[in-house]
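Visitor: Just the structure for this:
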Amino acid sequence: MILWIAHITIIGFFTFIIWVTLGAFKLKPFQQLILSLGILLLVNTTLEDISPLLNTITDFAAGGKKFEMPVQGEITKTYDPPHHHGIDIAIPEGTPIRAQADGKVIKAQWDNIYGQVVIVEYQNGLQALYAHNRDILVKEGYPVVKGTKIAYSGNTGRSTGPHLHYEIRIKGKAVNPFLHIK
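Guide: From the prediction side, this is the model:
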């Protein structure tokens, strides 16, 4: 907020000084141009400075923070309960899997269906499951920050090829991941 006030004050001050100077030289068309540019700068600065606040309000209104996609790749299978409780993203084996926010690892082990699986709990009981990994790089109880490498993708468990199976769970129950992805 203080940064926003400083930006508004500086832009307003210099716009006013230039506008008055141009008026003294009877350059009315340039005065209008400077006034228009000053207003555009004020609007742009305001939007840039308050965008984190706007994102927080939007995330709250949408029911929580929105994640980026966990990895970039082709979605080969979508959320389709009761048959499929997540999304499958085709990626080469060995692709780094990273935590999507600050949280805590609540599971990091072998599972007969998911293979090498990591579950990270984020805010408000929201959990992300990352499955079919080749290697797990974290242990249960580890805190993670956004961007921490937690695993390398693989083809373990009941898998038909290298991919990431990604689920979002709220209080242990799978929900549509697209509701929580930007």
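Visitor: Can you tell me how far the nearest residue to Gln100 once chain neighbours are set aside is from Thr148?
Guide: Using Cβ to Cβ, 6 or more residues apart in numbering and skipping the chain neighbours, the partner closest in space to Gln100 is Phe67 (4.3 Å). Glycine gets a C-beta too; all of them are placed from N, C-alpha and C. Using Cβ to Cβ, to the nearest Å, Phe67 is found at 14 Å from Thr148.
Visitor: Isn't Ile181 up against Ile75?
Guide: No - Ile181 is not in contact with Ile75 according to Cβ atoms under 8 Å; the separation is 10.6 Å.
Visitor: can you pull up the bridge partners for the closest residue to Arg134 other than its chain neighbours?
Guide: Distances taken as Cβ to Cβ, 6+ apart put Gly154 closest to Arg134, at 2.8 Å, once the chain neighbours are dropped. Counting by DSSP bridges, Gly154 is bridged to His163.
Visitor: ok, now which ones touch Gly154?
Guide: Residues in contact with Gly154 (Cβ atoms under 8 Å, 6 or more residues apart in numbering) are Glu93, Gly94, Gly115, Gln116, His132, Asn133, Arg134, Asp135, Pro162.
Visitor: Would you show me how to pick out the buried ones of those in ChimeraX?
Guide: Only the buried entries of those go into this ChimeraX selection, using 16 or more other Cβ atoms under 10 Å:
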select :93,115,116,132,133,134,162
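Visitor: Nearest to Ser36 among the contacts of Gly154?
Guide: Among those, Gly94 lies closest to Ser36 (Cβ to Cβ), at 53.2 Å.
Visitor: and the closest residue to the closest one other than its chain neighbours, what helix or strand is that in?
Guide: Once flanking residues are discounted, Gly94 sits nearest to Tyr152: 5.1 Å by Cβ to Cβ, 6+ apart. Per DSSP states H and E: Tyr152 is located in strand 149-153.
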